[in-house]
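1. got a structure for you, letters missing:
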């Protein structure tokens, strides 16, 4: 278990979940929530609910849906549908210097929900002396909501093994992915009253509770305690109770509007919007600066008119731009060799300058400021130029904080959402606080780097305490010293992204960084049955302190504090069983508390019931290979901090596959070989992709790139995580449709165009034969680009999209990510890549002759090297 409370690390659970927590501590995030006033319409006491349905909208890019290939990590229908994303820029394949198109539309309010899967817990031992209610008291708990249909929770298995020894098999593991910011349509039902909570453990009343209709008492599914409902659940019949949302749906929202809180200061919409402060590197050469200016101009044109913006630039000094000057770019300058003093910040904040202004009033000034930026005139290498990035971020945080820290008498001023500092960096921090020497050969470099790491981490924590996210967008050819900058982004719940240049891909990420937050001031609580132990949580948050949420007498929940609640993020939750399970079901409850952009406090309650089984085969059939692979990958990547660690982790993948085969598979007669469980036919290939891909393999050229990918992956949503582990291969067909194929090199057919979606990168490969047909190749390329943009339109960071022809130098990016299945015998090729059967003998001969021999093993060769027979594809 990991013990650090930093974001993207594992959070240990309390081992003794029977120890009562201290009571009486205040909770800044109250559990009671009311719906917005718009919902307060006269209605029956128990209005009938509109039950939520999973989102099943298909992608418009797929003209004719094709059957998924089980060998490509897709068990169900192709999931190409996505919730509405931020404004979409024009094709990322344009030259970097070309301005890109944006949409100035204001982001719409969204429903925030957990879009990941959570593990199950076994039913509690009834040791608290509570009375066991008869199941016929209420049939609300008898409604069985299929786990597979939940759009919020993705379990690694839909059943739980009763035997502890097999259930806790470390090589396979058991857990879930929780995405607190996931959007669905329609959204959850809103409840405009205080929730009923268990007085013993703090769990919420839900559809699985047994209820005494005569007295209105309900029994908690977590601790079995009997609770009163103040007459709310007194009903004439069980049918009447079904009209209560929390007793009919596994997902409900309790909402409390901000203006009902004492001490709250209402402010106008223009002041309510969270500010965005751009921190811009002044030490760029002219080509890079031109691209950056183009991206910045397009970025501010895309912002909503109420967004408040600030602009800070840095070199040897820090320049804070003043929006009160309408016709010229005017800035106050602070020294960059040290942290700004309180006196200088006071003079800045209380002076006559305007450093944060809404876009509707400051757009012309912002354009003037960006146009006034000049390239670096010093004739020295980029890496040797003085950059006071640390001091510039300190000043940006001070501007956002403003004089509010001195407000007295308990008055609360809170903006809607998180503030953001977006750093546009072209080189390392080499001057002032948190800096490192220009050269690695400096005699004190190791010590200075260690000091810089600690300083940057502390600055990130300061930003976190101010509810400010620091994103660092790097671009250009100059090394930025990722290990030094990463702690700043990580500790503030931000991201660090590397770009080839400051062109359109940079601009897309700039725009998405400023608008990606769905909610703020988040808190995730997880409660489960007594038999289940949460062993590790990995994700973008910190373990909440005991005084940051309400305490009940025996509250054993795990609580994670989140500065922001975003659709692009998720938590990985690992679980074990404490002992053999005797009950038929285990229960889980996930509560996500956050504030939306309208300052409503929302408490989203998701309750899940999973069946327990004795049969290993039944359990294995319920395992969700893709979710299990992502959970394994996150646990593995958490340990792969360096390249040498990554090499060690490849060996653990090998041992994991062998252990699963030995413990859960079958031994072949008269042989030392084991057959991998047929129920898990997708899992080994997904782990093979993980082993040889950019996260653990040698595909990525520089360790800084792998480090950035690792930190992104540990926080990423399930969809992006799965694609980063195993690429998705789509071949273009006549009429603009696409056929999904296994990600094998047998897809490199000279007369076809192929899209390979590997999460952070999307590759478009044109076969040589197709490329010679000008009309066909243009149509195929256009269709592939459209699909690539649609697949990545809501991802953050935005995926890099590259297009190239067969045989070109860039084609190696594509080839290296495909499994070299051409090395397998023909019968195995056809079994795992059935599309080969549609090729003529001449086409297969031509395909075979196009491959170049290299030493990388195929999937089947790798499995046999482990003394394991791969499962037959089904």
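-> Received, thanks. Quick caveat, the model's predicted, so the values are computed rather than measured.

2. Show me the helices in the stretch 551-700 of the chain, by range?
-> Assigned by DSSP state H, counting those that start in this stretch, the helices in the stretch 551-700 of the chain fall at 616-622, 625-639, 643-664, 683-692.

3. quick one: residue 516 from residue 253, how far?
-> Residue 516 sits 21 Å away from residue 253, going by CB to CB, to the nearest Å. Any C-beta I mention is one placed from the backbone N, CA and C, and that applies to glycine too.

4. Look at the two and report which has more neighbours.
-> Taking other CB atoms under 10 Å, residue 516 and residue 253 do not tie; residue 516 has more neighbours (25 against 22).

5. which residue sits closest to the more buried one, ignoring its sequence neighbours?
-> By the measure of CB to CB, 6 or more residues apart in numbering, the closest residue to residue 516 outside its immediate chain neighbours is residue 796, 5.1 Å from it.

6. What is the least confident helix or strand in the protein?
-> Lowest by mean pLDDT, DSSP states H and E among the helices and strands of the chain is helix 269-272, with a mean of 42.

7. other SSEs contacting the strand or helix carrying residue 458?
-> Using DSSP states H and E, the element containing residue 458 is helix 445-465. Contacting helix 445-465 under the criterion 3 or more CB pairs under 8 Å, 6 or more residues apart in numbering; DSSP states H and E are the following elements: helix 389-401, strand 468-475, helix 482-491.

8. What residues of it count as buried?
-> By neighbour count with 16 or more other CB atoms under 10 Å, helix 445-465 contains the buried residues 449, 452, 453, 455, 456, 457, 459, 460, 461, 462, 463, 464.

9. Residue nearest the middle of this structure, spatially speaking?
-> residue 569 (1.9 Å; CA atoms, centre = their mean).

10. So, low pLDDT: which residues of this structure?
-> By pLDDT under 70, the low-scoring segments of the chain are 1-151, 185, 257-273, 404-417, 517-518, 546-550, 874.

11. residue farthest from the centroid of it?
-> Seen from the C-alpha centroid of the chain, the residue lying at the greatest distance (CA atoms, centre = their mean) is residue 670, 47.0 Å away.

12. do you know how far it is from residue 532?
-> Counting by CB to CB - residue 670 and residue 532 are separated by 41 Å.

13. And the next helix or strand past the least confident helix or strand of the chain?
-> Following helix 269-272 in sequence, per DSSP H and E, is strand 276-281.

14. in the helix or strand just after that next one, what counts as buried?
-> Per DSSP H and E, the first helix or strand lying C-terminal to strand 276-281 is helix 286-302. If you call a residue buried by 16+ other CB under 10 Å, then helix 286-302 has these buried ones: 288-296, 298-302.

15. Repeat that for stretch 330-339.
-> In stretch 330-339, counting by 16+ other CB under 10 Å, buried: 330, 331, 332, 334, 336, 339.

16. Mind listing residues that contact that stretch?
-> Contacts of stretch 330-339 with the rest of the structure, by CB atoms under 8 Å, 6 or more residues apart in numbering, involve 313-322, 324, 340, 344, 348, 351, 353, 386, 388, 390-392, 394-395, 431-433.

17. Is there a quick PyMOL command that grabs whichever of those are buried?
-> A single PyMOL command selects the buried members of the contacts of stretch 330-339 (16+ other CB under 10 Å):
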select buried, resi 313+314+315+317+318+319+320+321+322+340+348+353+386+388+390+391+392+394+395+431+432+433
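
18. quick revisit: partners of the residue nearest to the centre of the chain in the sheet?
-> Note on residue 569: beta-bridge partners by DSSP bridges are residue 716.

19. Contacts only, for it.
-> If you count contacts by CB under 8 Å, 6+ apart, then residue 569 has 179, 180, 181, 539, 540, 715, 716, 717 around it.

20. ok so, going back, what's the closest of the helices and strands packed on helix 445-465 to residue 740?
-> Nearest of the helices and strands packed on helix 445-465 to residue 740, taken as CB to CB: strand 468-475 at 32.6 Å.

21. Now do that closest one against helix 445-465, angle only.
-> Strand 468-475 runs at 130 degrees relative to helix 445-465, counting by axes from the mean of the first three to the mean of the last three CA atoms, to 10 degrees.

22. Would you mind pulling up the elements that strand 468-475 packs against?
-> Helices and strands touching strand 468-475, by 3+ CB pairs under 8 Å, 6+ apart, are helix 286-302, helix 389-401, strand 419-425, helix 445-465, helix 482-491, strand 496-499, helix 504-515.

23. got the buried residues for stretch 198-209?
-> Residues of stretch 198-209 classed as buried: 198, 200, 201, 202, 203, 204, 205, 206, 207, 208, 209 (neighbour count, 16+ other CB under 10 Å).

24. Stretch 160-180 too?
-> Buried positions in stretch 160-180, judged by neighbour count with 16+ other CB under 10 Å: 160-163, 167-169, 171-180.

25. With stretch 769-778 instead?
-> 770, 771, 776, 777.

26. Figure out how far it is from the centre of its chain.
-> 38 Å (CA atoms, centre = their mean, to the nearest Å).

27. what's next to it, contact-wise?
-> So stretch 769-778 is contacted by 750, 751, 752, 753, 766, 780, 805, 806 (CB under 8 Å, 6+ apart).

28. would you turn the helices and strands packed on strand 468-475 into a markdown table with distance to residue 835?
-> A markdown table is the format used below for those (distance: least, CB to CB, whole Å):
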| stretch | distance to residue 835 |
| --- | --- |
| helix 286-302 | 41 |
| helix 389-401 | 50 |
| strand 419-425 | 44 |
| helix 445-465 | 48 |
| helix 482-491 | 40 |
| strand 496-499 | 35 |
| helix 504-515 | 32 |
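
29. and residue 742, which of the ones you listed is closest to it?
-> That would be helix 504-515 among the helices and strands packed on strand 468-475, by CB to CB, at 28.4 Å.

30. just checking, next helix/strand downstream of that closest one?
-> Once the chain leaves helix 504-515, the next helix or strand it forms, by DSSP H and E, is strand 517-528.

31. Can you name every helix or strand that that next one contacts?
-> Counting by 3+ CB pairs under 8 Å, 6+ apart, strand 517-528 packs on strand 532-539, strand 558-566, strand 571-577, strand 585-595.

32. And those strands: which comes nearest residue 425?
-> Using CB to CB, those put strand 558-566 closest to residue 425, at 21.3 Å.

33. ok and the closest one relative to strand 585-595, angle-wise?
-> Between strand 558-566 and strand 585-595, the angle comes out at 50 degrees (the same axes, to 10 degrees).

34. ok, and for strand 558-566, which residues are buried?
-> 558, 559, 560, 561, 562, 563, 564, 565, 566.

35. Okay then, goodbye and thanks.
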